[in-house]
Structure formats: structure tokens, C-alpha cells
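Peer 1: following is a predicted model, sequence given first.
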Amino acid sequence: MKNTQIISNGDNILSHLSISKLKSFPKHPFKMYDNEKMLGLADSIKEQGVVVPILVRPIKDNKYEYEIIAGHNRVHASKLAGIDKIPCNVREMDDDTATILMIDTNLQQRETILPSEKAWAYRYKLEAINRQTGRKSQNGDQVGHHLIGLKSRDILAQSSNDSGTQIQRYIRLTNLIPELLDKLDERKLAFIPAVELSYLTKEQQGWLYDILSREEKYGVPVKQATKLKGISQSGNLTYEKIDKIIVQKNHEPPKAIKVPYKAIRDFFPPDTTPKEFEETIQEALTEYFKTRSQKQTQKPQAMER
């Protein structure tokens, strides 16, 4: 069935297209909305329809099917709402332009973006820029000859809230196995440690994930992540070494314990020095545990009847 063209505006054509003809963009790093948000969007579409048309491009060698550049959530919500057709801006564009536009649109419009989403988005955009930089731009000022000589990550930073260095860290995260990326998204693994762990081999990352799954109460602080990275780069990192670093480190006693002054001030004169505080507390603890031990050994035996 032919598509009904509504408006033609330069390179853009506004049409109502059958959802069955729409395909997801191959390098789409963004996850769909969670169930509650998706259902809310579906309810809104049932009442008002799709207010903002999605952006698509014709699939090469198949003029009756289209790739979604922007609007994956609206398409899925429309399916849930039982809608067959959806308004689309149809635009011809090459792979690199489509990738850049898809990523920029999502980065700008989404309220929350997971670390893994941003990591892959930056990587795909960087790869597209690297392919386009150095040749004459056919798509306006987004990429082109004026970018020659600039580091690609700094080019990304020009249209982002992240610095070139931070963008480099995000792209580094794409070297993590999916399981560790999920831990980062779930906030069970901090950002900087995750960057350090991305230098481990895939096999070593698998070992680490196995240990973290077994010892769920343990995380990977920056110091330990950096240590694992160093041993890995020296070629000496084994399962046993990872296990020892993660588990034993978390068992190490603290080097110092802080006690709020207001909790103990009533027991000391105002002019007590820090050294006197420490000595008195040590003496008190020694006496306390000595007395406690004596009481436990002197418990009366149960009376015989």
C-alpha cells in the first residue's frame, strides 16, 4: 500500500506511515522507557495521538521500509496504544549523518541517560565524525573541513555538557563486558572504577563479575580498580588475585575511628588534649573488656536439683 504524502518541505516529507514498515536504527544505544513511563506515553497517544512526528529515513534498496532516526519510544508506545500509522518526517541521509542526528536528538531530549547509553552514543558519534572529518561536508556545518586539526573528542564536547576528557572516559566504558556495564547503570559500580576496570581483558572482567556476583556486599573502590588495572597490564592478573584484592581488602580493619566530640565530652575536662583523649579511651576499653571477660568466666553454674 502506498504511503499518503501530506507535506513536502525541501528534503523533508511529512507522511503517515504504517508502523509495520518502520525498523529500528541498527546502532541505537538507548534503552526503551521503563514499563511505567512507556504505559503513560501509550495512554497519552491513545488520547491525543502522536503530537510530534518521528524522524525516519528510507532504507536503501527498499523504498517501502524506513529506519527510525528519532522516535523509537513513540513507535513502541503507539503499538501498545493499538495505532497502525504514525506521522513521520521522512528525510534522505547517509549512514554517518543519520547516526549523528539519532544520537544528538536522544541526548538532547531524554530526561535521564544511563552511563552505558552515553558511552555507546559518544563512541558511535565519534566514529561517524572520524569518517566525515577531512572530507567536504555534504550536510551543512555539523561536520566538515573546518574541523580538521581538532581532536574528535573535543568536537564532541562542543555540543555536549561533558568535557573532552570526560567523553574519552565514557567511550572507554564500551570496553566493559555487558554485565559490568549493567552494574554501572544500576549504581552498583562507580564511574571512575568502571573506567579503570575497562582496561582488564574480557576474561578478567568475567572473573571479576563472577566474584562480585558471589560476594554481593562488596564493591570495587577506585584504589582497588586501579590496582587490578596495573596487574592486568603487567600480564599477571589471575582469578585468585582478583578474589584476594576484592575480598581481603574489604575485610581490612579501619586505620582510624572517628568519635564525635559531643558524644564523649561529658567524660573529660575541657582542657583535655587529643593525646589524653586517646590514652584514656584505650585504658577504658582495656578495663572494659577485662571486666567483661571475667564476668563471662565467672557465670554461676546451673543449680542441681
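Peer 2: Arrived safely, thanks for sending. Residues are numbered from 1 along each chain as shown.

Peer 1: now residue 39, nearest residue through space, not along the chain?
Peer 2: residue 80 (7.1 Å; CB to CB, 6 or more residues apart in numbering). (Glycine included, C-beta is placed from N, CA and C.)

Peer 1: how much space between the one you found and residue 43?
Peer 2: 9 Å (CB to CB, to the nearest Å).

Peer 1: state the number of residues packed around the residue nearest to residue 39.
Peer 2: Around residue 80 there are 14 other residues, counting by other CB atoms under 10 Å.

Peer 1: can you check residue 106 too?
Peer 2: Neighbour tally, residue 106, other CB under 10 Å: 21.

Peer 1: wait, doesn't it sit right on residue 32?
Peer 2: No. At 11.7 Å, residue 106 does not count as touching residue 32 under the criterion of CB atoms under 8 Å.

Peer 1: whichever strand or helix holds residue 14: which residues count as buried?
Peer 2: Residue 14 belongs to strand 12-18 when assigned by DSSP states H and E. The neighbour-count check on strand 12-18 (16 or more other CB atoms under 10 Å) flags 13, 15, 17 as buried.

Peer 1: list the neighbouring strands of the following helix or strand past it plus their orientation.
Peer 2: Sequence-wise, the next helix or strand downstream of strand 12-18 (DSSP H and E) is strand 22-23. Applying DSSP bridges to the sheet, strand 22-23 is found paired with strand 62-70 (parallel).

Peer 1: quick check: what element follows the partner strand along the chain?
Peer 2: Downstream of strand 62-70, the first helix or strand assigned by DSSP H and E is helix 72-80.

Peer 1: so what touches that following helix?
Peer 2: Counting by CB atoms under 8 Å, 6 or more residues apart in numbering, helix 72-80 makes contact with 19, 22, 24-25, 28, 30, 32-33, 38-39, 41-42, 44-45, 50, 52, 54, 68, 86, all of which sit outside it.

Peer 1: go again using 7 Å as the cut-off
Peer 2: Contact with helix 72-80 is made by 19, 22, 24, 28, 32-33, 38, 41-42, 45, 50, 54, 68, 86, as judged by CB atoms under 7 Å, 6 or more residues apart in numbering.

Peer 1: of all those, which comes closest to residue 132?
Peer 2: residue 28 (19.4 Å; CB to CB).

Peer 1: that closest one - how many residues pack around it?
Peer 2: 21.

Peer 1: tell me the SS of it?
Peer 2: Under the three-state scheme (DSSP: H, G, I helix; E, B strand; the rest coil), residue 28 adopts coil.

Peer 1: so who does it touch?
Peer 2: 72, 102.

Peer 1: for it, give me the pLDDT.
Peer 2: With respect to pLDDT, residue 28 has a value of 92.

Peer 1: relative to residue 116, how far out is it?
Peer 2: Taken as CB to CB, the span from residue 28 to residue 116 is 13 Å.

Peer 1: try residue 193
Peer 2: From residue 193 to residue 116 the distance is 15 Å (CB to CB).

Peer 1: ok, now which ones touch the residue nearest the centre of the chain?
Peer 2: Centroid-nearest residue in the chain: residue 115, 1.9 Å away (criterion: CA atoms, centre = their mean). Residues counted as contacts of residue 115 (CB under 7 Å, 6+ apart) are 173, 184, 185, 191.

Peer 1: show the pLDDT at the closest residue to the last one other than its chain neighbours.
Peer 2: Right, residue 191. Distances taken as CB to CB, 6+ apart place residue 115 nearest to residue 191, at 6.5 Å, with adjacent residues excluded. We have a pLDDT of 96 for residue 115.
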